[in-house]
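> have a look; sequence and predicted model below, questions after that.
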Amino acid sequence: MRVLVFGGSGQVGSELKRIIGLNDSVRFVDRLEADFTKPEMIERLTEDFQPTHIINAVAYTAVDQAELEESLALSVNAEAVKVIASCATRLDAMLIHYSTDYVFDGSSSRPYEENDVPNPLGIYGESKLLGEVHIKEAGCRYLILRTSWVISATGKNFIKTILKLAKDKDQLTVVNDQIGAPTSAKLIARVTWELIQKDAQNLLSSGVYHLCSSGEASWFDVAVHAINRVINAGVLLACDPNKVAPITTLEYLTRATRPLNSRLNSNKLERLLAAHMPHWTAGVDGTIDELIEKGFLK
């Protein structure tokens, strides 16, 4: 088994590196080695390494900026993915690709299932959906793992942003009508590796799976929980939980429209793994504990 990981220094890529480790049968590629606006770099890397499994943890994720940089978002999230899928087909490699809740418009009253019809609200979601389409059309073996609200102790994410703000400001406002579940990069990486092990035993078929934590919360709920966790750990913040005020999406203006319902139903994946997804608070707590240990809030 030979595993090629694109995006080795990102949130999920960094966790995969911890789990898999470094050896001759695994190669982690960062942005300097593989510019996703230059498909020839992708082709050369895959041809040189001859992987049995390709993990694509690269994505253009600047949701608002994507509205201004449509061509770049499409290049990274769709066209480069098309090239990777073509390489996977040629090498008969399994492609594991991460997608997003943003392929849906958030209007459903229940958590989204894999066969629900996508209807993205903006360029970011459109580009990610097009990447999914390219994979399915390429004819390669694939797993598309849709996830939501990714958090970790590395990279940019909501937990790090809100805690930095709470450290410096005594009052915060946070959206309370967008509902989802923070999903730790650790969980995504662990499940990815379990799926690769299953594929090595010929226990997998191609398909789309939803991979996110169990439970549900608003961004406001997550912020209050995170601030409480940090304070209970003995870290001083300028803002206490009572000074976090809920606001609506309409009151928080952004260039791109966000789905109000980001809930994803992971039952299909849970049946495959014969295991339940952990509650979102477990991932948030673990991320915060790691951030405190690293001195993030000093």
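Perfect, thanks for sending it.
> would you agree residue 168 is in contact with residue 238?
Yes - between residue 168 and residue 238 there is a contact under C-beta atoms under 8 Å: 5.9 Å. All C-beta atoms are positioned from the backbone trio N, CA, C, and that covers glycine.
> between those two, which one's more packed in?
A direct count of neighbours by other C-beta atoms under 10 Å for residue 168 and residue 238 places residue 238 higher, at 13 against 9.
> and the more buried one, helix, strand or coil?
Using DSSP: H, G, I helix; E, B strand; the rest coil, the structure places residue 238 in coil.
> so what pLDDT did the closest residue to it other than its chain neighbours get?
Nearest residue to residue 238, sequence neighbours excluded (C-beta to C-beta, 6 or more residues apart in numbering): residue 170, at 4.7 Å. pLDDT, residue 170: 93.
> for residue 170, phi and psi?
phi -90, psi -10 (degrees, to the nearest 10).
> just the one 4 residues further on next, same as before
Taking degrees, to the nearest 10, you get phi -140, psi 140 for the backbone angles of residue 174.
> neighbours of it, how many?
20.
> do the same with residue 285
Residue 285: 16 surrounding residues under other C-beta under 10 Å.
> what ranges do the helices span in this structure?
Assigned by DSSP state H, the helices in the chain fall at 11-20, 39-49, 70-74, 80-91, 123-138, 158-168, 185-200, 219-232, 267-273, 280-293.
> quick one: closest of these to residue 103.
Using C-beta to C-beta as the measure, helix 123-138 is the one of these that comes nearest residue 103, at 4.5 Å.
> relative to helix 80-91, how tilted is the closest one?
Using axes from the mean of the first three to the mean of the last three C-alpha atoms, to 10 degrees, the inter-axis angle of helix 123-138 relative to helix 80-91 is 20 degrees.
> centre of the chain to helix 123-138, how far?
Counting by C-alpha atoms, centre = their mean, to the nearest Å, helix 123-138 is centred 15 Å from the centre of its parent chain.
> thought residue 191 was touching residue 273?
Yes - the pair residue 191 and residue 273 qualifies as a contact (C-beta under 8 Å) at a distance of 7.0 Å.
> okay, these two: which has more neighbours?
Taking other C-beta under 10 Å, residue 191 and residue 273 do not tie; residue 191 has more neighbours (21 against 16).
> how close does the more buried one get to residue 123?
Separation of residue 191 from residue 123 (C-beta to C-beta, to the nearest Å): 28 Å.
> and what of residue 168?
32 Å.
> residue 136 now?
Distance, residue 136 to residue 123, by C-beta to C-beta: 21 Å.
> which of those two has more neighbours?
residue 123 (25 against 15).
> ok, the more buried one - contacts?
66, 67, 70, 73, 74, 256 (C-beta atoms under 8 Å, 6 or more residues apart in numbering).
> quick one: residues contacting the nearest residue to it once chain neighbours are set aside.
Nearest residue to residue 123, sequence neighbours excluded (C-beta to C-beta, 6+ apart): residue 66, at 4.2 Å. Residue 66 makes contact with 60, 72, 73, 122, 123, 124, 127, 256 under the criterion C-beta under 8 Å, 6+ apart.
> out of the residues you listed, which one sits closest to residue 8?
Among these, residue 60 lies closest to residue 8 (C-beta to C-beta), at 16.8 Å.
> ramachandran angles for the closest one?
Taking degrees, to the nearest 10 as the convention, residue 60 sits at phi -90, psi 110.
> what's the local residue count around it?
21.
> at the geometric centre of this protein, which residue sits there?
Centroid-nearest residue in the chain: residue 150, 4.6 Å away (criterion: C-alpha atoms, centre = their mean).
> buried residues in stretch 33-43?
Judged by neighbour count using 16 or more other C-beta atoms under 10 Å, the buried positions of stretch 33-43 are 34, 36, 39, 41, 42.
> please report how far the residue nearest to residue 218 when sequence neighbours are not counted lies from residue 157.
If the residues on either side of it in the chain are set aside, residue 218 comes closest to residue 176, at 4.4 Å by C-beta to C-beta, 6+ apart. Computed as C-beta to C-beta, the residue 176 to residue 157 distance reads 19 Å.
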